[in-house]
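# Provide a 3D model corresponding to the input given below.
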Amino acid sequence: MIRILLAEDDRVMREYLTRALERSGYSVAAVDRGTAAIPLLETEHFDLLLTDIVMPEMDGIELAQKAGELVPDLRVMFITGFAAVTLKAGKQMPQARVLSKPFHLRDLVLEVDRMFETESAHGGL
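All right, here's what the predicted structure looks like:
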């Protein structure tokens, strides 16, 4: 099963994304800030880091860079509501995907599926 580490400081968004991804067959560990994600990356296996960019303590770009040092083959997807931040993320982490808020849950799941070339259909989103 594909494991996703979700770092999102907004509780409602974090719970919403976790539920949608789990319903789509992914295993999700969710944290409320980048600094909380580092210990999990050091001790557990994840296939994807899905992170908000703008967060307190450590932003998503810093988290992704640190994650890349710890887990070189980890895939990264950023979610953000700020266009300027999207450009910064694209320059600093060109291999990462960026999904701009607002987005439909179906779009998020389709993007994750594409990253893993998942063939399964996802209904109900």
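# and the strands in the protein?
3-7, 27-31, 48-52, 75-80, 97-100 (DSSP state E).
# what comes into contact with the last one?
Okay, so that is strand 97-100. With contact meaning C-beta atoms under 8 Å, 6 or more residues apart in numbering, strand 97-100 is reached by 76-81, 83, 86, 89-90, 107-108, 111, 115. Glycine gets a C-beta too; all of them are placed from N, C-alpha and C.
# reformat the strands of the chain as JSON lines; add mean neighbour count and distance to residue 16.
As requested, the strands of the chain are exported to JSON lines (neighbours: other C-beta atoms under 10 Å; distance: least, C-beta to C-beta, whole Å):
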{"stretch": "strand 3-7", "mean neighbour count": "23", "distance to residue 16": "10"}
{"stretch": "strand 27-31", "mean neighbour count": "18", "distance to residue 16": "10"}
{"stretch": "strand 48-52", "mean neighbour count": "26", "distance to residue 16": "12"}
{"stretch": "strand 75-80", "mean neighbour count": "22", "distance to residue 16": "11"}
{"stretch": "strand 97-100", "mean neighbour count": "16", "distance to residue 16": "14"}
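# redo these as JSON lines? Include distance to residue 41.
JSON lines is the format used below for these (distance: least, C-beta to C-beta, whole Å):
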{"stretch": "strand 3-7", "distance to residue 41": "7"}
{"stretch": "strand 27-31", "distance to residue 41": "10"}
{"stretch": "strand 48-52", "distance to residue 41": "8"}
{"stretch": "strand 75-80", "distance to residue 41": "12"}
{"stretch": "strand 97-100", "distance to residue 41": "18"}
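# and of those strands, who's closest to residue 60?
strand 48-52 (3.9 Å; C-beta to C-beta).
# partners of the closest one in the sheet?
strand 3-7 (parallel), strand 75-80 (parallel) (DSSP bridges).
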